[in-house]
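*Asks:* build me a model:
(6 chains)
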Amino acid sequence: MKRILHLIHRDPLAAGDLAACRRVCRPGDGVLLSGAAVSAALAGPNSEALEPGITWYVLSSDLALYGLGARILQKTVDSVDYPGFVDLVCEYDLCQSW
Amino acid sequence: MKRILHLIHRDPLAAGDLAACRRVCRPGDGVLLSGAAVSAALAGPNSEALEPGITWYVLSSDLALYGLGARILQKTVDSVDYPGFVDLVCEYDLCQSW
Amino acid sequence: MLLEYAMRASKLAIMVCCAPEARAGARSALEFTAAALARGCAVTRVFFYHDAVATGLATAVVPADEFDPRERWRELAAATGLDLVLCVGAAQRRGILDSALAADAEHPSTLAPGFRIAGLGAWLDAVLEADRVIRFEG
Amino acid sequence: MLLEYAMRASKLAIMVCCAPEARAGARSALEFTAAALARGCAVTRVFFYHDAVATGLATAVVPADEFDPRERWRELAAATGLDLVLCVGAAQRRGILDSALAADAEHPSTLAPGFRIAGLGAWLDAVLEADRVIRFEG
Amino acid sequence: MASPASSTRRRALVLMRDPPHAGIRPRERLDLILMALAFELEVSVAFVGAGVLQLLPRSGPGDPLPDSGAALGSLELYGVSGIYADAEALCAYGIEVDALRVPATALETEELAALLHRQDLLL
Amino acid sequence: MASPASSTRRRALVLMRDPPHAGIRPRERLDLILMALAFELEVSVAFVGAGVLQLLPRSGPGDPLPDSGAALGSLELYGVSGIYADAEALCAYGIEVDALRVPATALETEELAALLHRQDLLL
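*Replies:* Residues are numbered from 1 along each chain as shown, chains lettered A, B, ... in the order given. Predicted coordinates for the structure are as follows:
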């Protein structure tokens, strides 16, 4: 079974991408939140739990772009920069953009 | 209080428009489903109930466009053609496109 | 009763926001406008905004067997005198230039016949003259 | 360990699908590509598909203070020899024509310098030559 | 349907639902608002759903503004009647209303519905 | 990670998630599939979520085909390995798999996940 890096960029409040991705995401996979989807990485009273077994990443420059750079992230999310993003693409077997 | 005709065109499976519209829809308003949103008008085991007090319409030519012209609609939905759509726009006070 | 309503509110301002490739939306805007005119409504203006400005792009090459809203709008305007306006800011950004804009930018003109380019003020004028405003998003 | 992976899989085929106006996505694709090259990865091709073909549209007029992916891609390509290709079918439909397509359609050419237009075969070639494929949707 | 005694200007509302940085629509919607103000309409703007993200300030000095950019700041200058933010969405993102980069009034869903239903124009 | 003994061709999957008639993307994604077949990849296509609406036939003789048009019908001709439809989405729309205009195999979510995870390429 291949390990997939899933890329999500639309806000879960506006689009169903994150929900669709979660259906087919399996342990060993990673999910990288970028664009408006970085909001899903925030810690908060209403934040949805991010499943264990899957590794969650958020693109740090998009957190800054969205004015969310100073906010507290969920503990299970790793912040990555562009070189880190490149490494992830090489590390996982496949990329799926949602 | 004005009576609003809400226009929804994106599929509720892909976008949050119908949910967003429902939050601010009030008795006396109408909702016209067009485009991929016509799927929300279908009767079926999983079909969401369409609230009473609000009048539900579906654009008949888009049902045909989507290959759903022969399907059974929920009882509470009125099918309208383009002249009927024009009449609705004139009949309601305002139109809100989602 | 429906007729009475149609008589009472007979001036429509129509904004089109969806790209010409979005067939359902592009067709809706066109068919709605044609039906409104056929019912005796006045259309104060059809204003193309956001991605819909590409409806007036001359250089697009669309397969001959496809529904092409460009052609259909032009025919409807020719038959009825409809005023088809592309928003100038949205058009420039997307590379749709009439001859004056093209000369300024030192680019070729890319505006399709049947359409003209004007500012958002043309939309507000149309809105204030109308009884009903409708926006086609998709 | 990350370095080891980076060494093992160093050829990337990059597809860009988002419109140049979608700043987050357009910037991601560009910054990712620059970072990949800086890390010593090879980029077999950058292929612009769907609405991203407008990245190679010459006639777009963008305010000077705005992030413009067109310019940035061109600079990156000039510095690194990147091959920037717009899909021919997607480009034609959206009115982006190189001089040959423009002559066929009897329209002016609208292709920005730094980009070229080719078929989907150019994308498949790039995919088959690469170790990893990544698509930027937004 | 008659205009209220308090004002003879037509009330217009623009809903902003798009997240920032994902396209040029929010910026173009703001241009529309500014033109409506120039036409002396009584204009309100409501940021709902993912649209509330347009109201966040830069995180750091080097970070860009949303596409709506400086135009959002000029809404007050040009006499906008009200800037509203969807309280439910703010809560979902964990954003406090006083952290926004323009002074907006948070509205509960019921108030948002009432706002929508008392307009003369929905632009 | 080695290729299975049963095939030396690289397996590629294309997910189709867009509803029809809402833009040209589905049509362009199909062009990509046809080109992948021309390059002799072992190509599967999975229609998920609102994408399953692309698989519906015309309702009547005058109705148009989805944007994916005739190309969808030619997938089999050009040797596509599999056409799959998201069973959960079919159920949500109340569509039976034998009502589709191409012979597709309905996949439960678990099978869809397995399909995705055994590819060599996700296009």
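
*Asks:* can you get me a residue count around the nearest residue to C:Leu124 once chain neighbours are set aside?
*Replies:* Excluding the flanking residues, the one nearest C:Leu124 by Cβ to Cβ, 6 or more residues apart in numbering or on different chains is E:Phe39, at 4.5 Å. All C-beta atoms are positioned from the backbone trio N, CA, C, and that covers glycine. By other Cβ atoms under 10 Å in any protein chain shown, 18 other residues sit near E:Phe39.

*Asks:* mind listing the strands for the chain?
*Replies:* Let's take chain A. A:4-8, A:30-33, A:55-59, A:77-80, A:94-97 (DSSP state E).

*Asks:* the chain in question should be chain E.
*Replies:* Assigned by DSSP E, the strands in chain E fall at E:11-16, E:42-47, E:82-86, E:105-107, E:121-122.

*Asks:* what is the fourth one packed up against?
*Replies:* Just to be clear, that refers to strand E:105-107. Applying 3 or more Cβ pairs under 8 Å, 6 or more residues apart in numbering or on different chains; DSSP states H and E, one finds that strand E:105-107 makes contact with strand E:82-86, helix E:87-93.

*Asks:* which outside residues touch the first one?
*Replies:* Which is strand E:82-86. With contact meaning Cβ atoms under 8 Å, 6 or more residues apart in numbering or on different chains, strand E:82-86 is reached by E:44-49, E:51-52, E:55, E:75-76, E:97, E:100, E:102-107, E:109, E:112, E:115.

*Asks:* could you give the angle of the helix or strand bottoming out on mean pLDDT in chain E to strand E:42-47?
*Replies:* Least confident helix or strand, chain E: helix E:69-77 with a mean of 83, by mean pLDDT, DSSP states H and E. Helix E:69-77 runs at 140 degrees relative to strand E:42-47, counting by axes from the mean of the first three to the mean of the last three Cα atoms, to 10 degrees.

*Asks:* from the contact counts, what lies against helix E:69-77?
*Replies:* So helix E:69-77, by 3+ Cβ pairs under 8 Å, 6+ apart, packs with helix E:25-38.

*Asks:* ok so, going back, out of the helices and strands packed on strand E:105-107, deepest packed?
*Replies:* Among the helices and strands packed on strand E:105-107, ranked by average contacts under mean count of other Cβ atoms under 10 Å in any protein chain shown, first place goes to strand E:82-86 (a mean of 22).

*Asks:* within range of chain E, give me the residues from chain A.
*Replies:* For chain A, the residues in contact with chain E (Cβ under 8 Å from any Cβ of the partner chain) are A:9-11, A:13-14, A:35-36, A:39, A:42-47, A:63-71.

*Asks:* I'd like to know which of these are part of helices.
*Replies:* Counting by DSSP state H, these place A:Leu63, A:Ala64, A:Leu65 in helices.

*Asks:* can you get me a residue count around C:Ala118?
*Replies:* By the criterion of other Cβ under 10 Å, C:Ala118 has 17 neighbours.

*Asks:* would you mind measuring from it to B:Asp62?
*Replies:* C:Ala118 sits 31 Å away from B:Asp62, going by Cβ to Cβ, to the nearest Å.

*Asks:* then A:Ala40?
*Replies:* When A:Ala40 is compared with B:Asp62 (using Cβ to Cβ), they lie 32 Å apart.

*Asks:* what's the answer for C:Asp51, then?
*Replies:* Separation of C:Asp51 from B:Asp62 (Cβ to Cβ): 20 Å.

*Asks:* now C:Trp123
*Replies:* In this view, C:Trp123 and B:Asp62 are 26 Å apart by Cβ to Cβ.

*Asks:* could you do E:Leu75 as well?
*Replies:* Distance of E:Leu75 to B:Asp62, computed by Cβ to Cβ: 36 Å.

*Asks:* also C:Leu84?
*Replies:* Distance from C:Leu84 to B:Asp62, by Cβ to Cβ: 23 Å.

*Asks:* now the helices for chain C?
*Replies:* For chain C, the helices defined by DSSP H cover C:2-8, C:23-38, C:69-80, C:88-93, C:99-105, C:120-129.

*Asks:* could you dump those into JSON lines with mean pLDDT and mean neighbour count added?
*Replies:* Below are the helices of chain C laid out as JSON lines (pLDDT from 0 to 100; neighbours: other Cβ atoms under 10 Å in any protein chain shown):
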{"stretch": "helix C:2-8", "mean pLDDT": "52", "mean neighbour count": "13"}
{"stretch": "helix C:23-38", "mean pLDDT": "96", "mean neighbour count": "23"}
{"stretch": "helix C:69-80", "mean pLDDT": "96", "mean neighbour count": "17"}
{"stretch": "helix C:88-93", "mean pLDDT": "96", "mean neighbour count": "22"}
{"stretch": "helix C:99-105", "mean pLDDT": "94", "mean neighbour count": "14"}
{"stretch": "helix C:120-129", "mean pLDDT": "98", "mean neighbour count": "19"}
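
*Asks:* do stretch C:130-138 and chain B come into contact?
*Replies:* Yes. Applying Cβ under 8 Å from any Cβ, one finds stretch C:130-138 in contact with chain B at C:Asp131, C:Arg132, C:Val133, C:Ile134, C:Arg135, C:Phe136, C:Glu137, C:Gly138.

*Asks:* run the chain-centre distance for that stretch.
*Replies:* Remark: stretch C:130-138 is offset 11 Å from the chain centroid, using Cα atoms, centre = their mean, to the nearest Å.

*Asks:* how long is that stretch from one end to the other?
*Replies:* 22 Å (Cα to Cα, to the nearest Å).

*Asks:* over to stretch A:7-18?
*Replies:* End residues of stretch A:7-18 are separated by 9 Å (Cα to Cα).

*Asks:* which residues sit against that stretch?
*Replies:* Applying Cβ under 8 Å, 6+ apart, the contact partners of stretch A:7-18 are A:19, A:21, A:31-37, A:39-40, A:48, A:95-98, B:13-16, D:24-25, D:28, D:134-135, D:137-138, E:17-19, E:22, E:49-50, E:53, E:89, E:92, F:49.

*Asks:* any stretches of the chain with poor pLDDT?
*Replies:* Picking chain A for this. Applying pLDDT under 70 to chain A flags the ranges A:45-47.

*Asks:* was after chain E, sorry
*Replies:* Chain E contains residues with pLDDT under 70 at E:1-7, E:59-69.

*Asks:* give the contact list for the residue nearest the centre of it.
*Replies:* In chain E, the residue lying closest to the centroid (Cα atoms, centre = their mean) is E:Val45, at 3.2 Å. By Cβ under 8 Å, 6+ apart, E:Val45 lies in contact with E:Leu13, E:Val14, E:Leu15, E:Met16, E:Ile33, E:Leu75, E:Val80, E:Gly82, E:Ile83, E:Tyr84.

*Asks:* might you report the residue contacts of the nearest residue to it once chain neighbours are set aside?
*Replies:* Distances taken as Cβ to Cβ, 6+ apart place E:Val14 nearest to E:Val45, at 4.9 Å, with adjacent residues excluded. With Cβ under 8 Å, 6+ apart as the criterion, the residues that contact E:Val14 are E:Arg29, E:Leu32, E:Ile33, E:Ala36, E:Val43, E:Ser44, E:Val45, E:Ala46, E:Leu122, E:Leu123.
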